[in-house]
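Undergrad: Structure for the following, please:
(chains A and B)
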Amino acid sequence: MASYWFGDVAGGVCRPYPGHELDALSERLDLLIEKNDPYVPFTWEFARECGFVHSREEYIEVLRSLCTMRAEMELGRISRTPEMELVYMVRMLDQIDEAVNLLTERALEWHAAKDPAFSRKFRELRGQKAREMLAGSKNPVLSAIATEMTHLSEVRSALSREITALAADVMPNISGLVGGVVAARLLSGAGGLSRLARLPAATVQVMGARIALFSHLRSGTPPPKHGIIYQHRRVHAAGKARRGKVSRTLAAKLAIAARIDYYRGLPDPGFLESADQAIDRAGGRR
Amino acid sequence: MIWVDGVLVSSGEGGVYGERILSGKRVWNPYRSKLAAYYHLGGDVEIGSSTRVLYLGAAHGTTVSHVADYAEIVYAVENACIPMRDLLAVAARRKNIIPLFADATRPCEYAPLVETVQLVIEDVAHPDQAGIAIANSVFLESGGAAILAIKARSIDVSRSPREVVDEVCRTLNGSPLVVGKVIWLEPYHRDHAILVCRKQGPCIEKRE
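TA: Take a look at the predicted model:
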């Protein structure tokens, strides 16, 4: 027997699906895809001989509505999940960082050009301090720009708080280990929690160190020890000799945490505690 | 294929992606579309008003919209969310595009929906383009053509594009798809080639 979206054909006899109701057809299709029978080629004439449709136009029209509906439903399902929102939020956060840094640098150059005596000092100034100094500039436009950037970095803090809150909800164990923002970056790198949960620990460890990894594979440079997880305190605070070990342990625990988050969705205090201990041990602290 | 003063065009409702209009027809830009470049370089696989097409890697639906202007029906497979949204918008305005939100490496996801086709066009960025073409050749009728746009640099950036294409041909060897012609898309696209294959079997001559 061969099953198609419009009906089943067995031994030259065709049983059409009763009616053109899209929801029911779509459910039937899900079952067919699940069953995964080998493909038997067919033409639309089967559907006409079945009595499912009368003309080619009708066949295409029903098929087209069915496929469009399924695609729209699937798109809606994906974009409505909070994890996708988290991905967009953390990408926004990184973009704001980049914009603020770029604008600050540019504004400092402008300021330095107006006041040559300033050039040596301004290299020391960073972030908020630089913006405060610029806000006091005599040029009203420059000071307005600095004020805007201060606003933007306030928005960034609010966004970062929101990410932390949402991440604690979506992936309680991963954010329990590395904090919400790093957790969200890992999620963004993997492209979704279901994918993150299927990744091996070694991939989690070097995720975000793409260039270093491929240069290692291609020309044998030393392999990267850490990617995104470098941003986590316990990795970048560890001594250089220990860092590889810490990130390896952390990645292993993150891979487990991702599976707990995806398949169970609840925080596991016992796991978090033992994982924290293991990571601290790797860092040489007891 | 319709040509107006040496410019490839297709007739259909305009304004899909801001394409130019020339004497009432939509200009199919070879610098944007690899398939258009293939026709500019002497490609001879005709898409006629009775051709059924399976298009893998439909993306935003720009090339698909032109193919749909020529073909009877286009089954457009795309796997990524954001291009799919654009593709749905294109498909909403053309009655002969069937949008399939599925993964071309897993034809079982859309097998019950796709009838046999005379032409498979594959424009995916995937390391195993040959494997995808072979897996999808079940939809192709005997004697039907498969057009593979090989993105040599996406398959392996470290090897020379010629080597990559040779390897794709070797993989296709022994499959139902027989490689006919390899056309490099210089000067329109760098390091891209079009592979034209035919499906083996009793050749059924089908004319419009």
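Undergrad: and the residue in the stretch 1-150 of chain A positioned nearest to chain B, how many residues sit next to it?
TA: The minimum distance from the stretch 1-150 of chain A to chain B, using Cβ to the nearest Cβ, falls at residue A:71 (4.0 Å). To be clear about C-beta, it is placed using only N, CA and C from the backbone, and glycine gets the same treatment. By the criterion of other Cβ atoms under 10 Å in any protein chain shown, residue A:71 has 22 neighbours.
Undergrad: The one 3 residues further on now?
TA: Counted by other Cβ under 10 Å, the residues lying close to residue A:74 total 14.
Undergrad: same thing with the one 4 residues further on?
TA: Each residue near residue A:78 was counted by other Cβ under 10 Å, and the total is 14.
Undergrad: contacting residues for the residue lying closest to it once chain neighbours are set aside?
TA: Nearest residue to residue A:78 in three dimensions, chain neighbours excluded: residue B:81, at 5.7 Å (Cβ to Cβ, 6 or more residues apart in numbering or on different chains). Going by Cβ atoms under 8 Å, 6 or more residues apart in numbering or on different chains, residue B:81 touches A:75, A:78, A:79.
Undergrad: Mind checking what secondary structure residue A:9 has?
TA: strand (DSSP: H, G, I helix; E, B strand; the rest coil).
Undergrad: Can you tell me who it pairs with across the strands?
TA: residue A:2, residue A:14 (DSSP bridges).
Undergrad: ok, it - contacts?
TA: Counted by Cβ under 8 Å, 6+ apart, residue A:9 has contacts A:1, A:2, A:3, A:15, A:40, A:42, A:46, A:50.
Undergrad: So which residues on the stretch 1-150 of chain A come close to chain B?
TA: A:3-5, A:29, A:32-33, A:36, A:39, A:41-44, A:60-61, A:63-64, A:66-68, A:70-72, A:74-75, A:78-79 (Cβ under 8 Å from any Cβ of the partner chain).
Undergrad: Residue A:63 belongs to a helix, doesn't it?
TA: Yes: counting by three-state DSSP, residue A:63 is part of a helix.
Undergrad: thinking again about what came up before, please pick the buried ones from the contacts of residue A:9.
TA: A:2, A:3, A:42, A:46, A:50 (16 or more other Cβ atoms under 10 Å in any protein chain shown).
Undergrad: Distance check, the last one against residue B:171.
TA: Looking back up the chat, that one is residue A:50. 38 Å (Cβ to Cβ, to the nearest Å).
Undergrad: cool, the second one as well?
TA: Taking Cβ to Cβ as the measure, residue A:3 falls 31 Å from residue B:171.
Undergrad: One more: the first one?
TA: From residue A:2 over to residue B:171 the distance is 29 Å, taken as Cβ to Cβ.
Undergrad: and residue 47, how many neighbours?
TA: All of this refers to chain A. 26.
Undergrad: To clarify, I was referring to chain B.
TA: 24.
Undergrad: Next, give phi and psi for residue A:53.
TA: phi -140, psi 170 (degrees, to the nearest 10).
Undergrad: Name all residues that make contact with it.
TA: Applying Cβ under 8 Å, 6+ apart, the residues near residue A:53 are A:6, A:44, A:47, A:59, A:62.
Undergrad: one step back: relative to residue A:189, which of the contacts of residue B:81 is nearest.
TA: residue A:78 (17.3 Å; Cβ to Cβ).
Undergrad: check which helix or strand covers that closest one.
TA: helix A:56-80 (DSSP states H and E).
Undergrad: does residue 183 sit in a helix or strand, and which one?
TA: Because you didn't say which chain, this covers chain A. Judged by DSSP H and E, residue A:183 forms part of helix A:180-190.
Undergrad: could you do chain B instead?
TA: Since the elements are taken from DSSP H and E, residue B:183 ends up inside strand B:177-184.
Undergrad: after that strand comes which helix or strand?
TA: On the C-terminal side of strand B:177-184, the nearest following helix or strand under DSSP H and E is strand B:192-199.
Undergrad: in its sheet, what does that following strand sit against?
TA: strand B:140-151 (antiparallel), strand B:177-184 (antiparallel).
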